[in-house]
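[1] The amino acid sequence is not available; the structure is as follows:
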Ligand code: C2O
């Protein structure tokens, strides 16, 4: 194992990933940002220089941060924000994780403005069960994209006028690229030039592991490659018994690895990421929901692909109405849970020591008339500079209700969370610090003893979709001391309160102590004149 050091400088600048120029925030001037690729067991050090004029912080989505809970990056829970003009060093191990993960800012909505990137933890050949199943790999970061920065979008969203309707993406990107039709730009005075698409050069008759990451703010995508099938081998860092699919839905925060075999006629093909319109809360007017990239077989000629998608006749033309996979459009679900099983079997976690129901609702506040999200009638409102980890972790009554803290005292106790979503939009929920078993997921309501469970070797992942008018049931074992967030990964809903937190094993957490630099971050408090959203 090695120690790998990464130096990051965070700056604000402008970028035109799809041709439309807008303000962005970037790490080392890259979008997506620099990838962290290490071998399992390596330790990772990320030295962050915050050259913005606002605070920031970073989260390592999918890493369990075992023994390093204060570097999980959530202001108000496990760290204070990194003030502008200062440095902060994250350090964490990777003993217990492999697979495809990602990092993103976790301060306010900064990641929507560009602070995202891939984390790949390579399993060494001795232990990688798929080492003989692919020849090469590529990382594919898929994201929705907005032509305005989050500042003005939030100002509207957090006003009574929005009635809680989330900002709608204008575009989508594959590895930070796309072509936006400049005639549709709104507001029309935004600078727009021809963008370009991502291109993947592939050799015929080779097997490519494609690591898919949805780093978007809100939209689920349906991923496919024309005239090819995909073999799914990994879900959020969990290797699974391979299954063959035509296309794969991927929600915000989720990751998959698929193996693509280039055994078709050597020509060029479209890679498609179709944005799930039905999964979005309202219908965009100026959006082309199909994001394309080119796959170029060696010897496949120079022209644009002419391949045909499964759900769309012919090559998409400018201005075409955009047909989309009808099944995905109707339900925008995760892939069928009951067909996904980890390669390394693990029995159903039981007996349950704590079971909670968490109900998702939205309502307008009677005082300010702003629509917010609620988990069991609590809308999260933490103080970034008063993180849970610095507070008296015992008893829970000392926390404010709006911090929505749940405590788990007993090591190895099994926690079950029943997430209920009577709401008409879906919600991808992410738990920090764990991969959980997904033991049920479906439409309607979960009924103990009646709903069919995925009880035999259930899927383990860290971000699961709660279908609209539906539910998901997850279980995890409390064996990781820390303060862990559970939240909707539609980033707008983090702002409006669909967030709660677990204080897990407070005694052990206290015994771990807090690094000096973490304590120091909190001493100064918010920068002068800083206004939270
Ligand atoms: Cu990827 Cu708390 O998030």
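    Thanks, I have it. In this text the structure is predicted, and so the values were computed from the model without any measurement.
[2] which one is residue 81 nearest to, not counting chain neighbours?
    Distance criterion CB to CB, 6 or more residues apart in numbering; nearest residue to residue 81, sequence neighbours excluded, is residue 55 at 3.4 Å. Just so you know, the C-beta spots here come from the backbone N, C-alpha and C atoms, and that holds for glycine as well.
[3] my guess is that neighbour contacts residue 84, does it?
    Yes - contact criterion CB atoms under 8 Å: residue 55 and residue 84 qualify, at 6.4 Å.
[4] which parts of the biggest strand by length in the chain are buried?
    Longest strand in the chain, counting residues (DSSP state E): strand 3-15. For strand 3-15, a neighbour-count test (16 or more other CB atoms under 10 Å) marks 6, 8, 10, 12, 15 as buried.
[5] quick one on the thing from earlier: could you check the pLDDT of the residue nearest to residue 81?
    We have a pLDDT of 96 for residue 55.
[6] ok, it to the ligand distance?
    Using CB to the nearest ligand atom, to the nearest Å, we find residue 55 at a distance of 17 Å from the ligand.
[7] Ok, residue 297 next?
    35 Å.
[8] check contacts around the residue nearest to residue 81.
    By CB atoms under 8 Å, 6 or more residues apart in numbering, the contact set of residue 55 is 75, 81-84, 107, 384, 526-527, 530.
[9] which of the residues you listed tops the neighbour count?
    residue 81 (27 neighbours; other CB atoms under 10 Å).
[10] Against the ligand, how distant is that residue?
    From residue 81 to the ligand the distance is 14 Å (CB to the nearest ligand atom).
[11] again with residue 481
    Taken as CB to the nearest ligand atom, the span from residue 481 to the ligand is 18 Å.
[12] Need the pLDDT of that residue.
    97.
[13] now the helix or strand harbouring residue 118 and strand 3-15, what's the angle there?
    Assigned by DSSP states H and E, residue 118 belongs to strand 116-122. Angle, strand 116-122 to strand 3-15, by axes from the mean of the first three to the mean of the last three CA atoms, to 10 degrees: 160 degrees.
[14] circling back to that earlier point, mind putting the contacts of residue 55 into a markdown table with pLDDT and secondary structure?
    Formatted as a markdown table, the contacts of residue 55 follow (pLDDT from 0 to 100; DSSP: H, G, I helix; E, B strand; the rest coil):
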| residue | pLDDT | secondary structure |
| --- | --- | --- |
| 75 | 97 | strand |
| 81 | 97 | coil |
| 82 | 97 | strand |
| 83 | 95 | coil |
| 84 | 95 | coil |
| 107 | 97 | coil |
| 384 | 94 | coil |
| 526 | 88 | coil |
| 527 | 84 | coil |
| 530 | 79 | coil |
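[15] quick one: which of the residues you listed is nearest to residue 437?
    Minimum distance to residue 437 across the contacts of residue 55 is 28.9 Å, recorded for residue 75 (CB to CB).
[16] Look up which residues are beta-bridged to that closest one.
    Counting by DSSP bridges, residue 75 forms beta bridges with residue 79.
[17] quick one: contacts for it?
    55, 57, 81, 106-107, 382, 384-385, 387.
[18] if we go to 6 Å?
    Contacts for residue 75 were tallied using CB atoms under 6 Å, 6 or more residues apart in numbering; they are 57, 81, 107, 384.
[19] My understanding was that the second one contacts residue 105; is that so?
    Read that as residue 81. No - in this structure, residue 81 is not within contact of residue 105 by CB atoms under 6 Å, at 9.9 Å.
[20] picking up where we left off before, could you export the contacts of residue 55 as JSON lines, including distance to residue 93?
    Output for the contacts of residue 55, formatted as JSON lines (distance: CB to CB, whole Å):
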{"residue": "75", "distance to residue 93": "22"}
{"residue": "81", "distance to residue 93": "24"}
{"residue": "82", "distance to residue 93": "21"}
{"residue": "83", "distance to residue 93": "27"}
{"residue": "84", "distance to residue 93": "29"}
{"residue": "107", "distance to residue 93": "24"}
{"residue": "384", "distance to residue 93": "26"}
{"residue": "526", "distance to residue 93": "31"}
{"residue": "527", "distance to residue 93": "31"}
{"residue": "530", "distance to residue 93": "33"}
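[21] Could you single out the nearest of these to residue 517?
    Using CB to CB, the shortest approach to residue 517 within the contacts of residue 55 belongs to residue 82, at 10.0 Å.
[22] Can you give me the domain assignment for this structure?
    The record's domain parsing of the chain by automatic domain parsing lists 1-129, 130-339, 354-523.
[23] So what would you say the end-to-end distance of the second one is?
    By that I understand domain 130-339. This stretch, domain 130-339, spans 19 Å end to end (CA to CA, to the nearest Å).
[24] Where does the stretch 201-350 of the chain get nearest to the ligand, which residue?
    residue 253 (5.0 Å; CB to the nearest ligand atom).
[25] Kindly tell me how buried the closest residue to the ligand within the stretch 51-200 of the chain is, as a neighbour count.
    In the stretch 51-200 of the chain, no residue comes nearer to the ligand than residue 61, which is 3.6 Å away by CB to the nearest ligand atom. Neighbour count of residue 61, defined by other CB under 10 Å: 26.
[26] And for residue 59?
    Residue 59: 26 neighbours (other CB under 10 Å).
[27] cool, and residue 113?
    Residue 113: 23 neighbours (other CB under 10 Å).
[28] So in terms of bridging, what pairs with the nearest residue to it once chain neighbours are set aside?
    Nearest residue to residue 113 in three dimensions, chain neighbours excluded: residue 25, at 4.6 Å (CB to CB, 6+ apart). Residue 25 has the following beta-bridge partners by DSSP bridges: residue 12.
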